[in-house]
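*Asks:* Structure, please.
(2 chains)
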Amino acid sequence: DGGITQSPKYLFRKEGQNVTLSCEQNLNHDAMYWYRQDPGQGLRLIYYSQIVNDFQKGDIAEGYSVSREKKESFPLTVTSAQKNPTAFYLCASSKQDGKGLGSPLHFGNGTRLTVT
Amino acid sequence: RKEVEQDPGPFNVPEGATVAFNCTYSNSASQSFFWYRQDCRKEPKLLMSVYSSGNEDGRFTAQLNRASQYISLLIRDSKLSDSATYLCVVNIGSGGYNKLIFGAGTRLAVHP
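*Replies:* Residues are numbered from 1 along each chain as shown, chains lettered A, B, ... in the order given. This next block holds a predicted model:
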């Protein structure tokens, strides 16, 4: 079955350490996204990529970095510059809709990061 | 004004009730809309896509009012398993590229 895999499910790090969250999809989707969710809040876009070797900052990109070397993979690095990194991180992918209507996102099951 | 606004709830309803959630959006150029369901500590799952005036899937009906810039979700004959947070999502991208803005969600609790 096709889908999006995020790993690990839970991640614990000490303050000051960089950490990389994995996201792999086998849906053959061109676009991939990283969102962050904090308790009681909506999802906020960190970075997105519409095509391999290209990505754009979302609304809260400071303190994060990404790469898109392969269509299937879009890892997110949470750097020590991110002031409040403890959150639920969600990776998603979608088709590119040539009709201009927009396509729904398919989500991975998330990584819960705790930084102490 | 937030780009997507939802009543946070919670909506507490008995089984069998009909419940409706509203969502307002600020970008009049938005072309597509989605409702997602999110269970506690899980990822959002697509419930319904809305590209024209509305959509219906079983007990769930979504209606879009472009003039007033709101989209609603109606759930009929509520089940205990409908208890979740419902996220309204508006696509403000163009040219086939997505830029999805999520509302903070409306929490529904269905009780026996």
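*Asks:* Over to B:Ser81. Which of the three states is it?
*Replies:* The local conformation at B:Ser81, judged by DSSP: H, G, I helix; E, B strand; the rest coil, is helix.
*Asks:* For it, list the residues it contacts.
*Replies:* B:Val110 (Cβ atoms under 8 Å, 6 or more residues apart in numbering or on different chains). For the C-beta atoms, the positions are set from N, CA and C on the backbone; glycine is no exception.
*Asks:* same thing with B:Lys99?
*Replies:* A:45, A:48, B:91-93.
*Asks:* can we see that at 7 Å?
*Replies:* B:91-93 (Cβ atoms under 7 Å, 6 or more residues apart in numbering or on different chains).
*Asks:* can these go into CSV with extra columns for distance to B:Asn27, neighbour count and secondary structure?
*Replies:* Output for those, formatted as CSV (distance: Cβ to Cβ, whole Å; neighbours: other Cβ atoms under 10 Å in any protein chain shown; DSSP: H, G, I helix; E, B strand; the rest coil):
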residue, distance to B:Asn27, neighbour count, secondary structure
B:Asn91, 9, 26, strand
B:Ile92, 5, 19, coil
B:Gly93, 10, 23, coil
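*Asks:* Kindly identify which of the residues you listed also come near chain A.
*Replies:* Restricting those to those adjacent to chain A (criterion: Cβ under 7 Å from any Cβ of the partner chain) gives B:91, B:93.
*Asks:* okay if I get the contacts of B:Lys99 as a markdown table plus distance to B:Phe102 and pLDDT?
*Replies:* Listed next are these as a markdown table, based on distance: Cβ to Cβ, whole Å; pLDDT from 0 to 100:
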| residue | distance to B:Phe102 | pLDDT |
| --- | --- | --- |
| B:Asn91 | 11 | 89 |
| B:Ile92 | 11 | 84 |
| B:Gly93 | 14 | 78 |
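*Asks:* How many neighbouring residues does residue 88 have?
*Replies:* Let's take chain A. When neighbours are defined as other Cβ atoms under 10 Å in any protein chain shown, A:Phe88 has 17 of them.
*Asks:* Chain B is the one I meant
*Replies:* 28.
*Asks:* Kindly provide the distance from it to chain A.
*Replies:* To chain A, B:Cys88 is 9 Å away according to Cβ to the nearest Cβ, to the nearest Å.
*Asks:* Is that residue bridged to anything, and to what?
*Replies:* Applying DSSP bridges to B:Cys88 gives these bridge partners: B:Trp35.
*Asks:* still on that earlier bit, what's the closest of the contacts of B:Lys99 to B:Val4?
*Replies:* Closest approach to B:Val4 among those (Cβ to Cβ): B:Ile92, at 9.3 Å.
*Asks:* Who are the contact partners of the closest one?
*Replies:* With Cβ under 7 Å, 6+ apart, B:Ile92 has these contacts: B:27, B:30, B:99, B:101.
*Asks:* if you set the cut-off to 8 Å instead, what comes out?
*Replies:* Here B:Ile92 is in contact with B:3, B:27, B:29-30, B:99-101 (criterion: Cβ under 8 Å, 6+ apart).
*Asks:* Quick one: the residues you listed as CSV, columns for pLDDT and secondary structure too.
*Replies:* As requested, the contacts of B:Ile92 are exported to CSV (pLDDT from 0 to 100; DSSP: H, G, I helix; E, B strand; the rest coil):
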residue, pLDDT, secondary structure
B:Glu3, 88, coil
B:Asn27, 89, coil
B:Ala29, 84, coil
B:Ser30, 87, coil
B:Lys99, 82, coil
B:Leu100, 87, strand
B:Ile101, 89, strand
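*Asks:* can you give me the strands in the chain?
*Replies:* Using chain A here. Here chain A has its strands, by DSSP state E, at A:4-7, A:10-13, A:19-25, A:31-37, A:44-51, A:54-57, A:64-66, A:76-78, A:87-94, A:106-107, A:111-115.
*Asks:* my bad, chain B
*Replies:* Using DSSP E, the strands of chain B run over residues B:4-6, B:11-14, B:19-25, B:32-38, B:45-50, B:54-57, B:60-65, B:70-75, B:84-91, B:100-102, B:106-111.
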